[in-house]
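# Dropping the sequence and predicted coords here.
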Amino acid sequence: MEFNYHDIAGMIDHSLLKPTLTTDELEAGCQLALKYDVASVCIMPFYLKRCAELLKGSTVKASTTIGFPHGGHTTYIKQIEAELAVADGCEELDMVVNISRVLSGEWQYVSDEVEAVTKIAHQAGQKIKVIFENCYLEDQQKVELCRICGERGVDWVKTSTGYGTGGATIDDLKLMRAESPPEVQVKAAGGVRTLEKLLEVRALGVSRVGASATQSILEECRARLGLTPLFE
């Protein structure tokens, strides 16, 4: 498979969601994302505004989470989170579905919630990724979520938060790509820690990955392409 550096860097949402990260580490993470010119920084909501300031003028987008990590917030709270995120400069919102409602088969609730938050993102000219947390779901529930997300016009369906009992699997990514409309992209999160894994999911049609191992993945990429390391 042929690729260039920007093909790979442009797939990475650099994850800064670990709750123990200090503000110094969040600052350093944003600078690392700029250095490697990744797709976005997905950061804890409290630091989003500063993140957006740091990324301003670059092609790296500021993103954050909604209803994270368990999805159990009320729809109203998710809407308020989304509105605050947009006001703070968010360009891509990663929202967790209400897992309990999904497991209960309450699809109208799930659909209405996805629609409500998608509307806020799109009216602000921004994009939304909907997180399924597949580790807790049966295949038919994942299929139904793909259908709902397609009907509601979300931009990405995303496998996991990284804080459940499992991350992205090859079987789930195949299912999500097959069951989602072509215009809905697929993001893998949790478990993509090497260039080889990233290339494997890319071959399935995945357009984004959530990664905290950004530096090692992209240095491996640069080495394979014969490019100078960005960090020695």
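Perfect, thanks for sending it. All of these numbers come straight from a predicted model, not from anything done at the bench. Numbers count the residues shown, from 1 in each chain.

# Okay, now the unreliable bits of the protein?
For the chain, the stretches with pLDDT under 70 are 1, 232.

# What segments of it are strands?
For the chain, the strands defined by DSSP state E cover 12-16, 40-43, 61-66, 92-96, 127-131, 156-158, 185-189, 208-211.

# could the ones you listed go into a markdown table alongside mean neighbour count and distance to residue 174?
Any C-beta I mention is one placed from the backbone N, CA and C, and that applies to glycine too. Formatted as a markdown table, the strands of the chain follow (neighbours: other C-beta atoms under 10 Å; distance: least, C-beta to C-beta, whole Å):
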| stretch | mean neighbour count | distance to residue 174 |
| --- | --- | --- |
| strand 12-16 | 25 | 21 |
| strand 40-43 | 29 | 24 |
| strand 61-66 | 27 | 25 |
| strand 92-96 | 27 | 21 |
| strand 127-131 | 26 | 18 |
| strand 156-158 | 26 | 13 |
| strand 185-189 | 26 | 10 |
| strand 208-211 | 28 | 15 |
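
# Throw these into CSV and include distance to residue 143, thanks.
What follows is those, written out as CSV (distance: least, C-beta to C-beta, whole Å):
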stretch, distance to residue 143
strand 12-16, 24
strand 40-43, 26
strand 61-66, 23
strand 92-96, 18
strand 127-131, 14
strand 156-158, 11
strand 185-189, 14
strand 208-211, 21
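
# Going along the chain, name the helices of the chain.
5-9, 23-36, 48-55, 75-87, 99-103, 107-123, 139-152, 170-179, 195-202, 214-224 (DSSP state H).

# Comparing the ones you listed, which comes out most buried?
Burial of the helices of the chain is given as mean neighbour count (mean count of other C-beta atoms under 10 Å); helix 48-55 ranks first at a mean of 20.

# Need the contact partners of it.
16, 26-27, 30-31, 33-34, 41, 43, 61-62, 64, 85, 88-91 (C-beta atoms under 8 Å, 6 or more residues apart in numbering).

# List the contacts of the residue lying closest to residue 148 once chain neighbours are set aside.
Nearest residue to residue 148 in three dimensions, chain neighbours excluded: residue 111, at 4.7 Å (C-beta to C-beta, 6 or more residues apart in numbering). Neighbouring residues of residue 111 by C-beta under 8 Å, 6+ apart: 148, 151-152.

# Any figure for the gap between residue 111 and residue 150?
Using C-beta to C-beta, to the nearest Å, residue 111 is found at 11 Å from residue 150.

# same check, this time on residue 5
32 Å.

# Ok, residue 95 next?
16 Å.

# Kindly report the same for residue 166.
Applying C-beta to C-beta to residue 166 and residue 150 gives a distance of 24 Å.

# next one: residue 27
For residue 27, the distance to residue 150 - C-beta to C-beta - is 38 Å.

# chain center to stretch 78-98: distance?
12 Å (C-alpha atoms, centre = their mean, to the nearest Å).
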